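Student: sequence and computational prediction follow.
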Amino acid sequence: MDNICSEIDVIVSDLVGWEKKISLVAKGLREKNKSIGPNDVFLDGALIVKVGPDDLSKITVGGIDGGLLQKEYHGVNIILTRAVCAVFNYRDGKLSGSDYYPSAFPKPKIKIVKSSFDPSGLSSAASIFRLEAELGLACDMINTQKDMDFLFLDGSLTLHPSVGVGVSLDCKREYEVLIEIVKRMYSLASVKKTVLSGIVEDSRSQAFIKNCRSMLDVEMVKSLFNVKDTHLLTYLLSVGERTSVFRTVCDNKGDLAVGVKGFENNLFSFYIRPSEFDRALRVDFIAKDNPVSVASKIASSIFSMSRHNSVYGIPPVIIDADQRAKLSGDELISVENEIRCGVGNVSSFSELRRNSRPV
């Protein structure tokens, strides 16, 4: 027991020292805040920008999230997805009503994948089907809802490079369809009135830190090795502040160009801290002109809607969509039972041994 306590003491000491170094870097950056000026990396006139709240006198905001369940069997895999868009109407500073698309609790979509996958391949296939549902719904909302001011997606506006990795030939076509949906979403968002944003609640990006390196000395750069943006921004941002706008795509590497090529100059990001006891959110958005002005409008709406929850600064419209899109185990069981009634006791639909071991 003494040895364990000794190891924990070492871990605690290391973590305390690490946090202190990060806080010192944040202090140094804050001191340089007003001296950076607009440049090719940070588009605002300062590194940190105060956010003015929106009065929510007349604003309509949509939020899209998706649910996913998957299960492996001996010869097939079941993937269930569901996407929901919640639309909140704010009038005179209060929520006056809500609507849901395609409905408040839509039935899940069912995919049966016959191919053999390794676990990562199945996960990629499931992600593709989920993203198809969410981003396809985003396209429909942008195209049909002419009175919607903002549309928030739960997640980034760019596809993670891992999404298409390990997918079998049978799902390659689905991946190509997803890429086309992404491009259509970008195109629609570039010409329609609705401002499209992706809210990344647990970003693992280091884009902001990389953009700050030229402002730091060598030791400070070393202190930020393996540090996420949101970790640094816990110390750098106060409630009601955002970072300067920066470009989401900073280069044309192959892993970033998938689905993005042709829209690199319209994709931007910033971080905002709307709640006192929560971390910063990364916000991706599309802007054809004046991204700083667009970012200010997005940030004001997020701050006004999210600041009332001091520990969870996600826009309420996304929270509502998340609760409605979630899939339960009971729904999976219901689908299983219906399939078994139709096909009977076939080998392909038998349980994996690891899921049916005797107790």
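Tutor: On my side now, so go ahead. Residues are numbered from 1 along each chain as shown.

Student: show me where pLDDT drops low in the stretch 101-250 of the chain?
Tutor: 115-121, 164, 166-170, 250 (pLDDT under 70).

Student: buried sites along stretch 64-80?
Tutor: Residues 64-73, 76-80 are the ones in stretch 64-80 that count as buried (16 or more other Cβ atoms under 10 Å). All C-beta spots, glycine's among them, are computed from the backbone N, C-alpha and C.

Student: which residues in this structure form helices?
Tutor: For the chain, applying DSSP state H gives helices covering 2-31, 119-144, 169-191, 207-212, 218-223, 229-236, 254-257, 291-306, 316-325, 329-343.

Student: now, which of the buried residues of stretch 64-80 sits nearest residue 232?
Tutor: The closest of the buried residues of stretch 64-80 to residue 232 turns out to be residue 65 (Cβ to Cβ; 27.1 Å).

Student: inside strands: which ones of the buried residues of stretch 64-80?
Tutor: Using DSSP state E, 64-72, 77-80 are the members of these that sit in strands.

Student: from those residues, which two are the most distant?
Tutor: So, those by Cβ to Cβ: farthest apart are 64 and 72, at 27.8 Å.

Student: OK, contacts around the residue nearest the centre of the chain?
Tutor: Nearest residue to the geometric centre of the chain (Cα atoms, centre = their mean): residue 155, 1.5 Å. By Cβ atoms under 8 Å, 6 or more residues apart in numbering, the residues touching residue 155 are 134, 198-200.

Student: mind putting those into TSV with neighbour count?
Tutor: Output for those, formatted as TSV (neighbours: other Cβ atoms under 10 Å):
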residue	neighbour count
134	26
198	22
199	27
200	22
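
Student: what's the separation between residue 305 and residue 87?
Tutor: As judged by Cβ to Cβ, to the nearest Å, residue 305 and residue 87 stand 13 Å apart.

Student: can you pull the residues that touch both of those two?
Tutor: Here residue 305 and residue 87 share the contacting residues 61, 317, scored by Cβ under 8 Å, 6+ apart.

Student: the two: which is more packed in?
Tutor: residue 305 (27 against 22; other Cβ atoms under 10 Å).

Student: give me the nearest residue to the more buried one, chain neighbours excluded.
Tutor: When the adjacent residues along the chain are set aside, residue 305 lies closest to residue 315, with 5.0 Å between them (Cβ to Cβ, 6 or more residues apart in numbering).

Student: state the distance from that neighbour to residue 348.
Tutor: The spacing between residue 315 and residue 348, counted by Cβ to Cβ, is 43 Å.

Student: neighbour count winner among those two?
Tutor: Counted by other Cβ under 10 Å, residue 315 and residue 348 do not tie: residue 315 has more neighbours, with 25 against 11.

Student: any idea how far the more buried one is from residue 88?
Tutor: With distances taken as Cβ to Cβ, residue 315 is found 9 Å from residue 88.

Student: find residues that contact each of those two.
Tutor: Among the neighbours of residue 315, those also in contact with residue 88 (Cβ under 8 Å, 6+ apart) are 61, 63, 305.

Student: with that, I have no additional questions.
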